[in-house]
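Here is a sequence with its predicted model. Questions after.
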Number of protein chains: 2
Amino acid sequence: MTSREDCLARDQADPLACLRGLFDLPDGTLYLDGNSLGVLPKATAARVQEVVRHEWGVDLIKSWNSAGWMDLPRRVGDKIAQLIGAGPGEVVVADSTSVNLYKVLMAAARLQQERSHERRVIVSERSNFPTDLYIAQGVCEPLGWELRLLDAHELEAGFAPDTAILLLTHVNYRTGRMHDMAHLTRLAHECGALAVWDLAHSAGAVPVDLTACEADYAVGCGYKYLNGGPGAPAFVWAHPRHADRFAQPLSGWLGHVAPFEFSPHYTPAPGIARYLCGTPPVLSLAALECGVDTVLAAEPHGGLSALRAKSLALSELFVQLVDTRCAGHGLTVVSPRDAGRRGSQVCLSRAEGGYAVVQALIARGVIGDFRAGDSRTPDILRFGLTPLYTRYVDVWDAVEHLRQVLQDGEWQRPEFHRRQAVT
Amino acid sequence: MTSREDCLARDQADPLACLRGLFDLPDGTLYLDGNSLGVLPKATAARVQEVVRHEWGVDLIKSWNSAGWMDLPRRVGDKIAQLIGAGPGEVVVADSTSVNLYKVLMAAARLQQERSHERRVIVSERSNFPTDLYIAQGVCEPLGWELRLLDAHELEAGFAPDTAILLLTHVNYRTGRMHDMAHLTRLAHECGALAVWDLAHSAGAVPVDLTACEADYAVGCGYKYLNGGPGAPAFVWAHPRHADRFAQPLSGWLGHVAPFEFSPHYTPAPGIARYLCGTPPVLSLAALECGVDTVLAAEPHGGLSALRAKSLALSELFVQLVDTRCAGHGLTVVSPRDAGRRGSQVCLSRAEGGYAVVQALIARGVIGDFRAGDSRTPDILRFGLTPLYTRYVDVWDAVEHLRQVLQDGEWQRPEFHRRQAVT
């Protein structure tokens, strides 16, 4: 049986342990919520101050040239491209994941409409993150299309001659279950559908190879495993075979081939740059670059393969400790026990009091989060295990707190049952 | 004839002069480009640091509740509402001006489609800011609608039975010419069209009363006269008679009536909140709030009426000094000489070397900008006169620099003719 000392020894031997020093981690907190909001990189505060005080405060409008603000969406996009199997010049940072998803779904829909009017269904997973489903509804409604929601196990057999687009989040936000991107993309293509992937819970956490998978479009989030800060801008990728084909409908001036010619007529920029729209939020974008740099800092230590190996070692340990040390307390591991199908989080369920258990943990400084279930799905206790800054001993300590919260009935205290606006 | 001493005396007597102390203005710079990027408020750097180091760095995910991040788009929206004649709860901050314009044009188009299928034209001004025209093109194309571009003097007679939407930027970005919002909105309504206003060059610079004008929709920019920082998020308003009628198609999760119920089905929030989409960029949004606060700080000193009076006094002075002190140098005042039709900027043209004149001024620390003309419109030398921080003596000094640049032929130096990516 693993002991706390074993965990300390594993941290001692961990070749990625040095990366933790890149972050400002608050004292007295075991932060297992990097899947919701990544922690603050040490470089960020100074960089944001430089942007505010010097680039904006002193150089003002000149900084669009002199500080490279114009180039930021492409520069940070190129860095993210290295983490998701995309080529240079294939990714830009812009807007939010939701807005980018609208762009690529509209482009994909138009591609399919040119091919055939029989295809008018977007297939997705019923437990996909809601904003993906809402945006898909917003795309379907004016087109007279249908959004068809399936459970994860129905997806393989879920393609039909009317399927236009497969829209999936690679790693499910509730369960941490990871889809086989290559396999499902192949099935989609065999049926004549296009594959759109949301990498919100993948980018920076698990290896992704959009090019090898022959995926069609992808979007993703900057504020989770990329550590870009609250509401950091998102990214968007289109396979080069599609990128030039259509202007997505959010045809703002920064996606124009020559924005500073101020032509009254829209001519899209070549390639992915046409997925840019309005002026980007430079402060948030500068912070995102610092966050992406923390993931790229793993390159000399084995990069995403090494991060993935550590992430799985952390989650294996978490599951093992829950199984052994929390036995008898009604916890079920909801995330796949098969490591190959698991993202970088572990989710538990409990028939009773899941919300209160999470609140009791938060009161002890162990930050996870809670996602309510419904008639089809259980309540979820979520624990993200970001390999850049999470230690083996953190996992041991977190599970020990969980054990104590359950064993002593601490979770039953009334203060842990009061709901907050954002959970 | 006005002397520099007269200008210094006017600054001494200016009841708004104290507001300049709210800003960090760089030494040796006469900044007349607040219509492109407002200057840095003194409060912003510390506020952004607090958000980065404490709210994100220490409190992490909890800050969505404890620091009020969830409420930011509405809170800052309520502040902006006070500057544009909108009620509390009628404005939210979200996304970019371009993206917000797409939302309101799609909502307005849908409204018109329900009324009649004969109306399928968006009327706008040929010299409207290009992103507005590009977004309108993106809206028109899939609907099979037409974007009809008119010159400013053609607008009054430009409504036809097929006109669905009038889309105008209140103050023209090139010329500083201000449309009569109440009059044109009335003409639009009389013809059965809806009026959509872009307040990019108005909010915080000129009084706007959307409610009194009975406007239908409005969007605007956070980084010009609202001093929100580079690429600050934008705002959106829909008249309460429309706000609840349709879900705009960018139906992201933060526009849902209950985002944290994670329902797979989109139900829009009541009112303007349904115009929210994805997770907002908190760092940039916090900076925007500081910027908006600088405009609200004018309230005890007469608010926007006082700011408008000073803005016009500054631009009258600018025009008078150009007329008198730069006579014979080929400059033409392009902005309306009628103060009531002028925004908060003065634009000049010159048959030759406009770009180089602006570059020569920039080299002297006088920051204006240049907008190239085409076969229909002249090259423009733009000078923004933000009344919050521009002094009368700044206007005197700027025109004196302009006089010297022209008189001594300084603008003819080769280094002032090299083009930059962003002008």
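Right, received. Where do you want to start? Residues are numbered from 1 along each chain as shown, chains lettered A, B, ... in the order given.

alpha carbons only for contacts and neighbour counts from here, please
Fine.

all helices for the stretch 251-400 of chain A, in order.
A:282-296, A:303-325, A:354-363, A:392-407 (DSSP state H, counting those that start in this stretch).

least trustworthy helix or strand in chain A by mean pLDDT?
In chain A, the helix or strand scored least confidently by mean pLDDT, DSSP states H and E is strand A:369-371, which has a mean of 92.

Spell out which strands sit alongside that strand in the sheet and which way each one runs.
Strand A:369-371 has the following sheet partners, assigned by DSSP bridges: strand A:380-384 (antiparallel).

relative orientation of the partner strand and helix A:303-325 in degrees?
Going by axes from the mean of the first three to the mean of the last three C-alpha atoms, to 10 degrees, strand A:380-384 is angled at 140 degrees with respect to helix A:303-325.

How many neighbouring residues does the nearest residue to A:His417 once chain neighbours are set aside have?
Nearest residue to A:His417, sequence neighbours excluded (C-alpha to C-alpha, 6 or more residues apart in numbering or on different chains): A:Ala356, at 5.2 Å. A:Ala356: 23 surrounding residues under other C-alpha atoms under 10 Å in any protein chain shown.

measure A:Ala356 to A:Glu415 for me?
Applying C-alpha to C-alpha, to the nearest Å, the value for A:Ala356 to A:Glu415 is 8 Å.

one step back: so which of the helices of the stretch 251-400 of chain A comes closest to A:Arg53?
Closest approach to A:Arg53 among the helices of the stretch 251-400 of chain A (C-alpha to C-alpha): helix A:282-296, 11.1 Å.

for that closest one, the distance to its chain's centre please.
Offset of helix A:282-296 from its chain centre (C-alpha atoms, centre = their mean, to the nearest Å): 15 Å.

picking up where we left off before, need the winner for burial among the helices of the stretch 251-400 of chain A.
helix A:282-296 (a mean of 25; mean count of other C-alpha atoms under 10 Å in any protein chain shown).

That helix vs helix B:282-296, what angle?
Using the same axes, to 10 degrees, helix A:282-296 lies at 160 degrees relative to helix B:282-296.

Residues in contact with helix A:282-296: which ones?
A:19, A:22, A:40-41, A:43-44, A:47-48, A:51-52, A:69, A:72-73, A:76, A:79-80, A:83, A:204, A:222-223, A:226-229, A:231-233, A:303, A:388, B:229-232, B:281-284 (C-alpha atoms under 8 Å, 6 or more residues apart in numbering or on different chains).

Would you list the buried entries among the residues you listed?
Neighbour counting by 16 or more other C-alpha atoms under 10 Å in any protein chain shown classes A:19, A:22, A:40-41, A:43-44, A:47-48, A:51-52, A:69, A:72-73, A:76, A:79-80, A:83, A:204, A:222-223, A:226-229, A:231-233, A:303, A:388, B:229-232, B:281-284 among these as buried.

Check the gap between the closest residue to A:Leu40 other than its chain neighbours and A:Thr44 for me.
Taking C-alpha to C-alpha, 6+ apart, and ignoring the residues beside it in sequence, A:Leu40 has B:Gly57 as its nearest neighbour in space, at 5.1 Å. Per C-alpha to C-alpha, B:Gly57 is found 10 Å from A:Thr44.

Kindly report the same for A:Arg376.
41 Å.

ditto for A:Arg126
37 Å.

Point out where the stretch 201-350 of chain A drops to low pLDDT.
Along the stretch 201-350 of chain A, segments meeting pLDDT under 70 are nowhere present.

mind listing the strands in it by residue range?
For the stretch 201-350 of chain A, the strands defined by DSSP state E, counting those that start in this stretch cover A:217-220, A:234-238, A:331-333, A:345-350.

Output the contacting helices and strands for the first one.
So the one you mean is strand A:217-220. Helices and strands touching strand A:217-220, by 3 or more C-alpha pairs under 8 Å, 6 or more residues apart in numbering or on different chains; DSSP states H and E, are helix A:97-115, strand A:194-198, strand A:234-238.

With distance to B:Leu147 as extra columns, can I get the helices of the stretch 251-400 of chain A in CSV?
What follows is the helices of the stretch 251-400 of chain A, written out as CSV (distance: least, C-alpha to C-alpha, whole Å):
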stretch, distance to B:Leu147
helix A:282-296, 31
helix A:303-325, 48
helix A:354-363, 52
helix A:392-407, 59
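
distance between the ends of stretch A:153-173?
16 Å.

Which parts of chain A belong to which domain?
A:4-42+A:302-411, A:68-296 (automatic domain parsing).

Let me know which of these is tucked in deepest.
domain A:68-296 (a mean of 22).

so how far is that domain off the chain centroid?
That offset, for domain A:68-296, works out to 12 Å (C-alpha atoms, centre = their mean).

got it, and stretch A:7-25?
23 Å.

Quick check: end-to-end length of that stretch?
19 Å.

Repeat that for stretch A:168-175.
14 Å.

same deal with stretch A:369-378?
Using C-alpha to C-alpha, the two ends of stretch A:369-378 sit 14 Å apart.

repeat for stretch A:87-94
End-to-end distance (C-alpha to C-alpha), stretch A:87-94: 17 Å.

what's the average pLDDT for it?
Mean per-residue pLDDT for stretch A:87-94: 98.

Same question for stretch A:137-151.
On average, stretch A:137-151 scores 96.
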